[in-house]
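1. fold the stuff below for me.
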Amino acid sequence: MKAQLKRHQTSANSKAQEITDLVQRLEALTAQVNKLEVERNVLSDKVKDLTKKIDDDQGRFFKILIERDEAIETLTKEKSEMRTEYQELMDTKVGLDNELAMYRKLLEGEERR
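-> Just a heads-up that it's a prediction; the model follows:
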């Protein structure tokens with residue numbers, strides 16, 4: 001009986017030690033889970049911040065695109081107006097050059113007479 005008692009005590013001590021080890025392991029794992037949850041929350045906040053920043057940047061980008069398109073349209077209109085004005089000036093210049101050439105011919109004709 002003493003031997004059997006000793007075996008049971010050894011077994012009980014062994015099981016008690018095993019339980020103590022498992023409790024310690026459980027506490028360590030619980031601490032690790034808590035740490036990972038905190039890290040997950042931090043990362044989740046970063047994701048939210050980055051998503052907001054992306055949305056803000058996208059809004060600014062679209063505003064810049066609209067402003068650029070408006071500037072291009074304005075410049076295109078100005079270019080068209082300048083081209084029309086240039087064409088009118090060139091037509092006037094050609095007309096004046098033709099008139100001058102005609103007057104020169106008249107003057108040369110008068111001088112020959």
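
2. got the confidence number for residue 8?
-> We have a pLDDT of 89 for residue 8.

3. give the contact list for it.
-> Residue 8 makes contact with no residue, according to CB atoms under 8 Å, 6 or more residues apart in numbering. For every residue, glycine as well, the C-beta is placed using N, CA and C.

4. can you classify it as helix, strand or coil?
-> Following DSSP: H, G, I helix; E, B strand; the rest coil, residue 8 is assigned to helix.

5. please enumerate the helices of this structure.
-> In the chain, the segments counted as helices under DSSP state H are 2-112.

6. got any ranges where it has weak pLDDT?
-> Confidence mapping of the chain against pLDDT under 70 gives zero matching residues.

7. one more time with 80
-> 113 (pLDDT under 80).

8. and residue 54, how far from residue 67?
-> According to CB to CB, to the nearest Å, residue 54 and residue 67 sit 20 Å apart.

9. please apply the same query to residue 61.
-> Computed as CB to CB, the residue 61 to residue 67 distance reads 11 Å.

10. what of residue 56?
-> According to CB to CB, residue 56 and residue 67 sit 17 Å apart.

11. ditto for residue 79
-> 18 Å.

12. ditto for residue 109
-> 62 Å.

13. and what of residue 50?
-> Using CB to CB, residue 50 is found at 26 Å from residue 67.

14. what does residue 113 give?
-> In terms of CB to CB, residue 113 sits 68 Å off from residue 67.

15. ok, those two, which is more surrounded?
-> Higher neighbour count among residue 113 and residue 67: residue 67, with 10 against 5, using other CB atoms under 10 Å.

16. can you pull the contacts of the more buried one?
-> Applying CB under 8 Å, 6+ apart to residue 67 gives no contacts.
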